[in-house]
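**Q** Structure, please.
(one chain, ligands or ions: 1)
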Amino acid sequence: MLDIAPNRPDLPPEIARRRTFAIISHPDAGKTTLTEKFLLFGGAIQMAGQVRAKGEARRTRSDFMAMEKDRGISVSASAMSFDFKNFRFNLVDTPGHSDFSEDTYRTLTAVDAAVMVIDGAKGVESQTQKLFEVCRMRDLPILTFCNKMDRESRDTFDIIDEIQENLAIDVTPASWPIGVGRDFVGCYDMLRDRLELMDRSDRNRVAESIQIDGLDDPKLAEHVPAHLLAKLREEVEMARELLPPMDHAAMLEGSLTPIWFGSAINSFGVKELMDGIATYGPEPQIQSAEPRQILPEEKTVSGFVFKVQANMDPKHRDRVAFVRLASGHFHRGMKLTHVRSKKPMAISNPVLFLASDRELAEEAWAGDIIGIPNHGQLRIGDTLTEGEAIRVTGIPSFAPELLQGVRAGDPLKAKHLEKALMQFAEEGAAKVFKPAIGSGFVVGVVGQLQFEVLASRIELEYSLPVRFEQSQFTSARWVNGARQAVDKFVEANKQHIGYDHDGDIVYLTRLQWDIDRVVRDYPDVRLTATKEMM
Ligand code: G4P
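**A** Numbering: from 1, shown residues only. From the prediction side, this is the model:
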């Protein structure tokens with residue numbers, strides 16, 4: 001057994017066994033393949049390949065994603081739960097496209113740890129770097145998986161150096177690869193002094209694990225060719241001298257990441273990584289909130305919405321709010337208070353995302369993700385409690401960096417367009433502003449690609465062809481301040497004023513100069529680039 005003291009031995013066992021995490025990676029590094037193997041070893045699917053081949057129903061449901069698939073991106077995040085040994089894993093999928101999106105950021109507010117997947121030949125790529133920075137903002141613990149070791153990859157020390165330098169995080173090898181590319185035979189488990197051998201004949205078979213007594217054990221020579229063994233001994237000795245040892249506390253505070261080497265497609269190294277998540281990955285963490293923080297072990301249930309997805313099933317115009325439970329033991333049928341509206345809500349048909357199917361959730365615990373179907377009452381950032389007026393904090397909304405006007409292909413369908421836009425705004429897929437003067441809407445996104453995704457979703461889900469066009473505005477800022485000062489500001493700047501889907505006031509402009517002018521001329525008004533969702 002590994003010598004690790006549980007973080008929080010006082011937690012109820014059901015909570016202590018939960019591991020809620022996300023995978024961060026650059027497209028093509030192997031996130032989908034790794035997810036599939038997680039599910040395979042978690043017993044959630046019988047055969048690898050099921051995650052991709054989702055059957056007709058699923059395919060039609062996600063047709064709009066065809067475009068994203070063509071480009072190797074996935075926009076819709078989902079959550080999956082499965083068991084591994086005596087742990088319950090909740091894997092929250094992060095959208096992986098190259099435009100940084102708020103969705104990605106918010107997904108990472110719902111997890112306690114992240115698995116960073118890198119391609120052994122490519123090292124740290126741009127998207128990984130960006131996502132890593134987001135994890136760093138929250139001090140999320142990170143476990144690293146260096147994938148595709150069955151191909152020609154970089155020197156192990158180089159990979160580790162690159163992570164340490166580019167991401168400014170200490171790296172400790174949890175395993176050490178033996179051979180490279182075609183010569184890759186497996187890994188030496190640095191934490192447990194075991195030899196893990198890869199089976200190339202069956203991609204879904206778990207590697208053989210051979211207990212050995214350190215690097216001098218003669219048994220090693222029976223399994224590892226002599227030239228690789230000499231190199232392994234030398235490298236491991238160097239690694240132990242030069243690299244920091246595993247330090248659980250440092251990992252939990254996000255300053256050190258253990259790295260496993262493997263090949264997801266060959267199911268190699270995946271179980272060791274899962275063991276690592278179970279052993280080191282943190283249990284549900286304390287949630288920041290106002291006026292007080294929420295402890296996972298509290299008796300009463302609380303949770304917050306970090307994502308809303310509409311039209312998951314085209315037959316029902318439902319929306320599913322993804323709720324991360326922050327505390328307590330939830331039962332189906334419970335009445336929870338929707339803190340923003342102060343109204344009670346009976347949660348009668350919650351869903352748990354077990355592998356690729358949705359199932360009714362009878363119960364769930366702090367750390368779990370449940371889906372609550374609703375008609376739009378639940379919005380991103382909302383808190384649910386058993387009555388107490390607590391508001392989870394730290395779920396931001398960013399000012400969009402790109403603005404465009406939008407018009408329905410058929411002018412008679414303007415009302416439909418408004419409905420579609422409002423829905424996407426509530427889902428958090430875009431910002432929609434209604435200018436105070438004139439008609440039409442200004443849509444704001446963080447990355448250019450989102451316009452295309454939106455246009456294709458509006459067309460698919462609302463049968464409404466739309467055109468995005470240049471807008472006279474390029475920036476939006478939320479307007480804050482005392483009522484009187486804001487009213488006076490709005491009155492004097494009507495042509496720049498708009499309202500977001502919550503009715504909050506925004507200042508729309510083309511020029512940084514305008515923003516500077518407001519700062520100078522209206523000291524009582526504050527323009528902000530983020531708004532905390534509530
Ligand atoms: P992503 O979700 O991060 O974008 O990556 P994904 O798992 O889709 O993997 C990207 C490509 O890398 C896939 O090949 C996949 O088969 C391959 N791959 C994943 N893990 C490994 C590995 O351990 N070793 C090797 N050699 N390849 C790996 P593809 O040709 O794009 O797709 P497919 O035709 O295999 O489905």
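**Q** Show me what the strand or helix carrying R477 is packed against.
**A** In this structure, R477 sits in strand 475-481 according to DSSP states H and E. Strand 475-481 makes packing contacts with helix 483-492, strand 505-509, helix 512-521, strand 525-528 when contacts are defined by 3 or more C-beta pairs under 8 Å, 6 or more residues apart in numbering; DSSP states H and E. For every residue, glycine as well, the C-beta is placed using N, CA and C.
**Q** how far out from the middle of the chain is that strand?
**A** Offset of strand 475-481 from its chain centre (C-alpha atoms, centre = their mean, to the nearest Å): 27 Å.
**Q** who does it pair up with?
**A** strand 505-509 (antiparallel), strand 525-528 (antiparallel) (DSSP bridges).
**Q** Phi and psi next, for the closest residue to I380 other than its chain neighbours.
**A** Nearest residue to I380 in three dimensions, chain neighbours excluded: G428, at 4.8 Å (C-beta to C-beta, 6 or more residues apart in numbering). With angles defined as degrees, to the nearest 10, G428 sits at phi 90, psi 10.
**Q** quick one: G428 from the ligand, how far?
**A** For G428, the distance to the ligand (C-beta to the nearest ligand atom, to the nearest Å) stands at 22 Å.
**Q** Okay, helices next: where are they in the stretch 301-450 of the chain?
**A** 414-427, 449-462 (DSSP state H, counting those that start in this stretch).
**Q** Can you tell me which helices and strands the last one packs against?
**A** Taking 3+ C-beta pairs under 8 Å, 6+ apart as the contact definition, the neighbouring helices and strands of helix 449-462 are helix 66-70, helix 414-427, strand 441-445, strand 466-470.
**Q** Tell me who's in contact with the residue nearest to M80 when sequence neighbours are not counted.
**A** Excluding the flanking residues, the one nearest M80 by C-beta to C-beta, 6+ apart is L91, at 4.9 Å. By C-beta atoms under 8 Å, 6 or more residues apart in numbering, the contact list for L91 reads F21, A22, I23, T35, F38, A79, M80, S81, F82.
**Q** Just the buried ones from the residues you listed?
**A** F21, A22, I23, T35, F38, A79, M80, S81, F82 (16 or more other C-beta atoms under 10 Å).
**Q** picking that back up, right, and the helix or strand after whichever strand or helix holds the residue nearest to M80?
**A** Using DSSP H and E, L91 sits in strand 87-92. Per DSSP H and E, the first helix or strand lying C-terminal to strand 87-92 is helix 102-107.
**Q** Which positions within that following helix qualify as buried?
**A** E102, D103, T104, Y105, R106, T107.
**Q** What ranges does the stretch 101-250 of the chain have for its strands?
**A** Assigned by DSSP state E, counting those that start in this stretch, the strands in the stretch 101-250 of the chain fall at 113-119, 142-147, 170-173, 175-178, 186-189, 194-197, 208-211.
**Q** The ligand: which of those is closest?
**A** strand 142-147 (5.0 Å; C-beta to the nearest ligand atom).
**Q** so what's Y188 bridging to?
**A** W176, L195.
**Q** Neighbours of it, how many?
**A** For Y188, the tally of surrounding residues (other C-beta atoms under 10 Å) stands at 25.
**Q** ok, now L527?
**A** That count, for L527 with other C-beta under 10 Å as the rule, works out to 22.
**Q** again with E362
**A** Neighbours of E362 using other C-beta under 10 Å come to 11.
**Q** ok, now P13?
**A** Around P13 there are 9 residues (other C-beta under 10 Å).
**Q** Could you measure from it over to the ligand?
**A** Where the ligand is concerned, P13 sits at a distance of 33 Å (C-beta to the nearest ligand atom).
**Q** how much space is there between that residue and A364?
**A** According to C-beta to C-beta, to the nearest Å, P13 stands 15 Å off from A364.
**Q** Also S25?
**A** Here the criterion is C-beta to C-beta. By it, S25 lies 27 Å from A364.
**Q** Over to A278?
**A** Taken as C-beta to C-beta, the span from A278 to A364 is 19 Å.
**Q** of these two, who's got more company?
**A** Legend: neighbour count by other C-beta under 10 Å for A278 and A364, higher for A364 (25 against 16).
**Q** Quick check: residues of the protein near the ligand?
**A** Taking C-beta under 6 Å from any ligand atom, the part of the chain that reaches the ligand is made up of 25, 27-33, 72, 147-148, 150-151, 263-266.
**Q** filter the residues you listed to the buried ones?
**A** Buried, going by 16+ other C-beta under 10 Å: 25, 27, 29-33, 147-148, 150, 263-266, out of the residues of the chain next to the ligand.
**Q** from these, which is closest to D119?
**A** Among these, A29 lies closest to D119 (C-beta to C-beta), at 4.5 Å.
**Q** Need the three-state assignment for the closest one.
**A** coil (DSSP: H, G, I helix; E, B strand; the rest coil).
**Q** Could you pull up the residues touching it?
**A** V117, I118, D119, K122, E125, T128, N147, K148.
**Q** Contacts for stretch 368-377 next, please.
**A** 18, 20, 79, 81, 88, 90, 92, 110, 303, 318-325, 330, 338, 341, 343, 345, 347, 349-353, 358, 361, 364, 378, 423, 426.
**Q** Generate a PyMOL selection restricted to the buried entries among those residues.
**A** Selection of buried members from the contacts of stretch 368-377 for PyMOL, criterion 16+ other C-beta under 10 Å:
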select buried, resi 18+20+79+81+88+90+92+110+303+318+319+320+321+322+323+324+325+330+338+345+347+350+351+352+353+358+361+364+378+423+426
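**Q** Of the contacts of stretch 368-377, which belong to strands?
**A** Judged by DSSP state E, the contacts of stretch 368-377 include 18, 20, 79, 81, 88, 90, 92, 303, 319-325, 330, 338, 343, 345, 351-353, 358, 364 as members of strands.
**Q** helices and strands around the helix or strand hosting G498, which ones?
**A** Secondary structure from DSSP H and E places G498 in strand 497-499. Applying 3+ C-beta pairs under 8 Å, 6+ apart, we find strand 497-499 packed against strand 431-435, strand 505-509.
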